[in-house]
Every structure is written in structure tokens, then in C-alpha cells.
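Visitor: this one's sequence-less:
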């Protein structure tokens, strides 16, 4: 039954892609971004604040790292997704979110000096081809003529931001407990989101957008991360990460049923290639360098 933890987390995050799409017509992106993390901060305060006080000296030492993580994970990743939802489908958002594990691996090669594998090399090429097919709606020539749309670019930057967030979290290996670290990242995220919130033309809450804020602030921001952490503890990081591949599938089903979004052939082809590339990068662990050296030796 341990598999239920990451599965439920992915299910909540998949629903959150739908929530992001619904928010495009219900609330200003700057408003839901701020309200979401403010709600999470308030809900987490009774649990995390005593520990934050106990670890205040360590927090003072690494505050700038927590600031950067808050910028990447709470501000750029989430806020850009809300802005992108104005012009891209929930289906597209789900597929781009599934690209995060591959982007994490690619950034790990550079930042963590992770040894490249054949899976990373082949998976990157295949996922890139799938992404081009998806973004161009099956017509790559049109993409060359008109370039990436604003929403597509925002979603890619959002996914890359969260991938970098994961890589830096691993590199810095903060000694703070998980909840205290998350609390401080959310705190800095709220501070960074405040100027945009104050400049937003309409930040009113009503019966249409309050449920969206509640789900994003509690479900996607606190409950899903808790379930994911439990999954990592029980199954290991590698096995748990495989569940992320289910996100575009779950998102697609929900988007078709509740948002009446249309599935096209380019979704299946582009999304399938993208996911296959991600799967290759995660599972094909043969070192690329060994293959290169073997080829050189045979040539001699």
C-alpha cells in the first residue's frame, strides 16, 4: 500500500493543473499566487514555527539559500504556471510538468557533475523531439516560422525552475528538518510575491475563486508534498520519481472530462515521445563515457 502515497500526491498535483486553468478566468495570477502561499504559510505556522525558532541560528546562516529556493519553487514555478494558463491547455501543462524529472537529470549533469548515461543522452533527444511536435501541434515548420508562444515559454521556464530547485536542494543538503526548511522557503516566497499582489488590478476573493485558492494552498502546497515525502521514505527517491510519469495521463483524463479539452493526435505523439524520453533517462543507467571509450578502443 506504500505506492498510494506518491500516487495520491501525483493525483492532487494533476488536479492542480486543472485548478490553474480554471483560475485563468476566476482570479488574477498574482492574486492566487500570493493567496496560495500565504494560506500555506498560515496553516503551517503552528507546526513549523517552534522548530524554526529552535533552528534560528542555522536559518540565519543559510537564509540566502532558502531565499533562492523560495524564488525558484514558490515564485517562478507556480506563478508562471498561473500566467501560462491564460494561453495554454491543462493538457499541455500536465505534459510539461512531466518533463521536470528529465530537466532535473540534465541540470544535475552540470551542477552536480552527475555522470551522463545513455538514457540521458537518448532520452533528451527523444523528449526534445516530442516537445517540438507537441508545441507545434504536429507541424514543426510552423514552429520555425512563428517561434514559441508566450504561454509555452512560460511553462518551460516554470518546469526548468522547479528542476533547478530540486538540484540545488540536493547540492546544498540543508541540515534543517523538512518542514522548517519548507516553511522558510514559503515565507520568502510570500515576501517576493507581495509586490505583484499589491500591483494587481483585482485581488478580490469570491465564491468562484475561494475553492481554487483553498485547493492550491492546502492540497497542492501541503498535503501533496507530505504524501510525496512519505512515498520517498517508503519506496526510495528513484522509485517514487517514476510516479511523476502518470501526471500527464491523469491530467489529460480530468481535462477531457471536466474542461472538455480535445485530445488530438499530436498530443498522443508528442506527449508519448516526451514521456518515453523521460522514462529512458530514468531507467537506462549505462554510463555514456564507457560507451565512448569502447568505441574509441575499437577504432584503434
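Guide: That came in fine, so what should we check first? Since the model is a prediction, treat every value here as computed from it, not as a measurement. Residues are numbered from 1 along each chain as shown.
Visitor: does residue 248 sit in a helix or strand, and which one?
Guide: Secondary structure from DSSP states H and E places residue 248 in helix 247-254.
Visitor: buried sites along the next helix or strand after that helix?
Guide: Using DSSP H and E, the helix or strand that directly follows helix 247-254 along the chain is helix 265-283. Buried residues in helix 265-283, counted by 16 or more other CB atoms under 10 Å: 266-267, 270-282. Placement of C-beta: from N, CA and C, glycine included.
Visitor: what does stretch 207-214 give?
Guide: Here stretch 207-214 shows 209, 212, 213 as buried, counting by 16+ other CB under 10 Å.
Visitor: Out of the buried residues of helix 265-283, flag the one nearest to residue 128.
Guide: The closest of the buried residues of helix 265-283 to residue 128 turns out to be residue 277 (CB to CB; 7.5 Å).
Visitor: for the helix or strand harbouring residue 193, packing partners?
Guide: Counting by DSSP H and E, the element that carries residue 193 is helix 178-199. Helices and strands touching helix 178-199, by 3 or more CB pairs under 8 Å, 6 or more residues apart in numbering; DSSP states H and E, are helix 29-54, helix 56-70.
Visitor: and the angle from that helix to helix 29-54?
Guide: Inter-element angle recorded for helix 178-199 and helix 29-54: 140 degrees (by axes from the mean of the first three to the mean of the last three CA atoms, to 10 degrees).
Visitor: rewinding a little: make a markdown table out of the buried residues of stretch 207-214 and add distance to residue 249, pLDDT and secondary structure.
Guide: As requested, these are arranged in a markdown table below (distance: CB to CB, whole Å; pLDDT from 0 to 100; DSSP: H, G, I helix; E, B strand; the rest coil):
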| residue | distance to residue 249 | pLDDT | secondary structure |
| --- | --- | --- | --- |
| 209 | 28 | 95 | coil |
| 212 | 23 | 96 | helix |
| 213 | 27 | 97 | helix |
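Visitor: Just name the closest of those to residue 288, please.
Guide: Sorting the buried residues of stretch 207-214 by how near they are to residue 288, with CB to CB, puts residue 212 at the top with 44.0 Å.
Visitor: from what I can see the closest one touches residue 21, true?
Guide: No: taking contacts as CB atoms under 8 Å, residue 212 lies outside contact range of residue 21: 10.1 Å.
Visitor: Okay, now the unreliable bits of the stretch 101-250 of the chain?
Guide: Residue ranges of the stretch 101-250 of the chain with pLDDT under 70: 143-148.
Visitor: one more time with 50
Guide: Counting by pLDDT under 50, the stretch 101-250 of the chain shows no low-confidence range.
Visitor: still on that earlier bit, right, and the helices and strands packed on helix 178-199 - which one's nearest residue 244?
Guide: Where the helices and strands packed on helix 178-199 are weighed against each other on CB to CB, the nearest is helix 56-70, at 19.3 Å.
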